[in-house]
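J.: below are the sequence and a predicted model for it; my questions follow.
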Amino acid sequence: MKIELIVRYLQQQMGMNPDAVGFDTMKKAIFIAMSANELNDLDGYYQLIQQDSSALQKLIETVVIPETSFFRDKKPFQVLKSNLRPLYRALCDEGEPLKILSVPSSTGEEPYSIAMTCLEAGLKYGEFEILACDISQRVLEVAERGLYSDYSFRGGCETYQQRYFTHKDNLFQINESLRNSVTFFQGNLIGDHFIDKVAQKFHIIFCRNLLIYFDKNTKYKAVSVIDSLLHDEGLLVVGHADTAILSNLGYRRFSDQLSFTYVKSHNTQQAVVKIDNSTLAEKGKRVMAALVAARTDIAPPQPSDEEKVSATTTSVSLKSSRNLIQEFEALLLNNEICRLTALCLRLIKESHESGIANHYLARIAFLEGDMQLAEERFKKAIYLRPDDEKALHFLAEISKKQGDEAAAQRYQQRANRIKARTSQSLKSSS
């Protein structure tokens, strides 16, 4: 038996695209889970996860690797804080709390960040309700404990840490009132009866950096579920790579595009039509077909950014580094973030010029204000392309923002050495 069969089954259950998650990651997770069950036979393990829901859940837990922190990508929280009071008055009936959904919630940093934002904007406990959902029971247990290390505050949240947490044995315990303001539950956004399980509508939904992991049909199903849970004129907050699909469905931008916040228009449903169930069945999407049977107003598959890239470009990997940089700079200058992200992800997938790809993904993260992710990406870019002078300048700036003047100086000196070598090389060749 081939391991791809288990990967496909896992894809159906989670709705995830193996290419986005990474086949090697999923393969490694399968072998780890097999070892935990003391099995070395793929056929036997495949039967086990089909018959034993707890074994399947443990495999899902192995695949799900939470990457989050408090106030990660600060811009959406800044936009929310600035507009929360007028939104509360406009969206809520008298006496009704502002209802917010966070999915996936991971280990709780995002929904708790939303709760703190509500309080900082002047709302009181009882004037907002936050539901937080994740497919992984393991991360939900961490979230409900509300106990975090310094690493969860790596974005620089000292004020919030002092105001809402108690220092306890080198960890930080969230205060009880704040913890009680968030209700966590296990669920799968594209699973059976998710809408029935939630059983209410929301004024704001956070669903960040999730859609990118879904295949095309699952993406549309996920957005259809979100759309049915969101009030008209409600806000949807997504990740930078999740935006392309929303314009096709009638959502409009709210405020600065770098907040990646969208408004559900009254006519959103006009852009939503029935999808052919046979298309899903042909791909073996048994879970998706069941969901489509329950709701048929799913948008037709539109070319994804990666497919548009494939249609217009023979292969980005065939281009020279100089041409790639010129193209990427033009996309960045024109704010074509989604297309640029798709190109970068494709380069990384093809293992070509991934140094350039990581550089521009870092630039996108820097623009969004996610300094931690930008720093990681720039460091990876320099590892792959040691003479990336511009990346070193960005790292110097990030270090200054973090208050590390010594590191900033080291990065700047290294960049200056590269510039000097390049100048010398040009003089020698001329």
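T.: Received the coordinates, thanks.
J.: the stretch 151-300 of the chain: helices as residue ranges?
T.: Taking DSSP state H, counting those that start in this stretch as the test, the helices found in the stretch 151-300 of the chain are 158-164, 176-180, 194-198, 216-229, 244-248, 277-282, 286-294.
J.: so which elements touch the longest helix along the chain?
T.: The helix of greatest length in the chain, counted in residues with DSSP state H as the criterion, is given as helix 405-429. Counting contacts by 3 or more CB pairs under 8 Å, 6 or more residues apart in numbering; DSSP states H and E, helix 405-429 is packed against helix 389-401. For the C-beta atoms, the positions are set from N, CA and C on the backbone; glycine is no exception.
J.: got the buried residues for the helix it packs on?
T.: Under the neighbour-count criterion of 16 or more other CB atoms under 10 Å, helix 389-401 has Glu389, Ala391, Leu392, His393, Phe394, Leu395, Ala396, Glu397, Ile398, Ser399 buried.
J.: swap in stretch 117-131?
T.: Residues Thr117, Cys118, Leu119, Glu120, Ala121, Leu123, Glu127, Phe128, Glu129, Ile130, Leu131 are the ones in stretch 117-131 that count as buried (16+ other CB under 10 Å).
J.: and which of the buried residues of helix 389-401 is nearest Cys338?
T.: Ranking the buried residues of helix 389-401 by separation from Cys338, with CB to CB as the measure, puts Phe394 on top at 21.5 Å.
J.: so the closest one sits against Ala362, correct?
T.: Yes. Phe394 is within contact range of Ala362, at 6.9 Å (criterion: CB atoms under 8 Å).
J.: list residues touching both of the two?
T.: Common contacts of Phe394 and Ala362 (CB atoms under 8 Å, 6 or more residues apart in numbering): Ala374, Phe378.
J.: tally of neighbours for Asp387?
T.: The number of residues packed around Asp387, counting by other CB atoms under 10 Å, is 15.
J.: in this structure it contacts Arg417, no?
T.: No. The pair Asp387 / Arg417 is not scored as a contact, 9.8 Å apart, by CB under 8 Å.
J.: output the below-cut-off pLDDT ranges for the stretch 201-350 of the chain.
T.: Along the stretch 201-350 of the chain, the parts satisfying pLDDT under 70 run over 241, 256-258, 266-320, 349-350.
J.: tell me where it has strands.
T.: Secondary structure of the stretch 201-350 of the chain (DSSP state E, counting those that start in this stretch): strands located at 202-207, 230-238, 252-253, 261-263.
J.: how far off centre is the shortest one?
T.: For strand 252-253, the distance from its own C-alpha centre to the chain's C-alpha centre is 19 Å (CA atoms, centre = their mean, to the nearest Å).
J.: which strands border it, and is each parallel or antiparallel?
T.: Each strand that pairs with strand 252-253, with its direction, by DSSP bridges: strand 261-263 (antiparallel).
J.: still on that earlier bit, what about the helices of the stretch 151-300 of the chain, which gets the closest to Gly187?
T.: Comparison of those against Gly187 by CB to CB identifies helix 194-198 as nearest, at 5.6 Å.
J.: re the thing from before, can you list the strands of the stretch 201-350 of the chain in TSV and add mean neighbour count?
T.: Written out in TSV, the entries for the strands of the stretch 201-350 of the chain read as follows (neighbours: other CB atoms under 10 Å):
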stretch	mean neighbour count
strand 202-207	24
strand 230-238	21
strand 252-253	12
strand 261-263	22
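J.: select, out of those strands, the one closest to Lys75.
T.: Of all those, it is strand 261-263 that lies closest to Lys75, at 8.6 Å by CB to CB.
J.: now tell me what touches that closest one from outside.
T.: By CB under 8 Å, 6+ apart, strand 261-263 touches 76, 79-80, 233-238, 243, 246, 251-255.
J.: got it, and stretch 34-47?
T.: Stretch 34-47 is contacted by residues Met1, Lys2, Ile3, Leu5, Ile6, Tyr9, Ile30, Ala33, Leu48, Ala55, Lys58 when judged by CB under 8 Å, 6+ apart.
J.: how about the contacts made by the spatially most central residue of the chain?
T.: The centroid of the chain falls nearest to Asn209 when counting by CA atoms, centre = their mean (1.5 Å). Contacts were defined as CB under 8 Å, 6+ apart; by that measure Asn209 touches Val238, Gly239, His240, Ala241, Asp242.
J.: the third one and Leu392, how far apart?
T.: Same thing as His240. According to CB to CB, to the nearest Å, His240 stands 23 Å off from Leu392.
J.: picking up where we left off before, the buried residues of stretch 117-131 in strands, which ones?
T.: Judged by DSSP state E, these include Phe128, Glu129, Ile130, Leu131 as members of strands.
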